[in-house]
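**Q** Whatever this is, show me its structure:
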Amino acid sequence: MGEKLDEKEIVDVSGENFRILPQKCSYILVVVVLIVFVGYFLYLALPELFTGVYISVILLILFAFSLCYFSRSRGNIRKFIISDTRIEFHLPDRDGFYIEWSQFDSIDIRLKILNIKPFHLYEICFIKGERRSVVNFSLSDFQKENIKQILKLLKEYSGYQEKEFKACKEEICSGVYLVDDFEV
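**A** Numbers count the residues shown, from 1 in each chain. Now for the predicted structure:
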């Protein structure tokens with residue numbers, strides 16, 4: 001067994017931001033547009049009442065404020081913790097993944113590059129005999145710099161723990177399935 005290592009933690013709040021507007025904001029936009037149309041038709045039906053115009057203007061102002069509020073995405077916390085005793089992944093909308101170093105003999109990392117942008121799927125398999133424990137994450141879970149740091153820490157710690165470490169990259173290019181070593 002190698003020397004004792006300090007616990008390291010990588011915290012990512014947002015992941016890669018691939019949407020300009022959050023999904024909640026698009027729901028609000030649809031509702032506000034529908035209400036603005038209703039207000040406009042009220043104005044056409046009853047032109048002497050300016051209620052429809054007032055409703056439309058107020059809702060557009062509310063939408064502008066809600067757009068500003070929801071576009072400041074607070075994100076969800078994503079964590080990777082590695083120590084000399086265990087490895088942990090905490091990802092939103094998924095159960096936490098914990099594994100002790102004694103529960104596996106090798107780490108097999110696969111980077112699956114899909115032709116659909118921005119999908120790079122990282123699959124980390126912890127293998128002991130026939131038993132495999134797998135954790136998957138992508139660029140929507142961690143920022144690219146943090147993923148690189150996670151992979152380097154896994155490689156470094158697996159060397160200290162005397163565990164086998166392999167990494168490969170899989171890609172489909174023009175109908176050809178390419179498998180190549182992945183340098184961490």
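
**Q** how many neighbours does Gly39 have?
**A** Other residues near Gly39 come to 20 when the count uses other C-beta atoms under 10 Å. No exception for glycine: its C-beta is placed from N, CA and C like everyone else's.

**Q** looking at it, it is touching Leu46, isn't it?
**A** No - counting by C-beta atoms under 8 Å, Gly39 does not reach Leu46; the two are 11.1 Å apart.

**Q** Report the contact partners of Asp84.
**A** With C-beta atoms under 8 Å, 6 or more residues apart in numbering as the criterion, the residues that contact Asp84 are Lys4, Leu5, Glu7, Trp101, Tyr157, Tyr160, Gln161.

**Q** Just these: which are in helices?
**A** Cross-referencing those against helices under DSSP state H gives Tyr157, Tyr160.

**Q** In a helix, Ile147, correct?
**A** Yes - the assignment for Ile147 (DSSP: H, G, I helix; E, B strand; the rest coil) places it in a helix.

**Q** Pull up the gap between the residue lying closest to it once chain neighbours are set aside and Ile10, please.
**A** Leaving out its chain neighbours, the residue that sits closest to Ile147 by C-beta to C-beta, 6 or more residues apart in numbering is Tyr122, at 6.5 Å. Using C-beta to C-beta, to the nearest Å, one obtains 13 Å as the distance from Tyr122 to Ile10.
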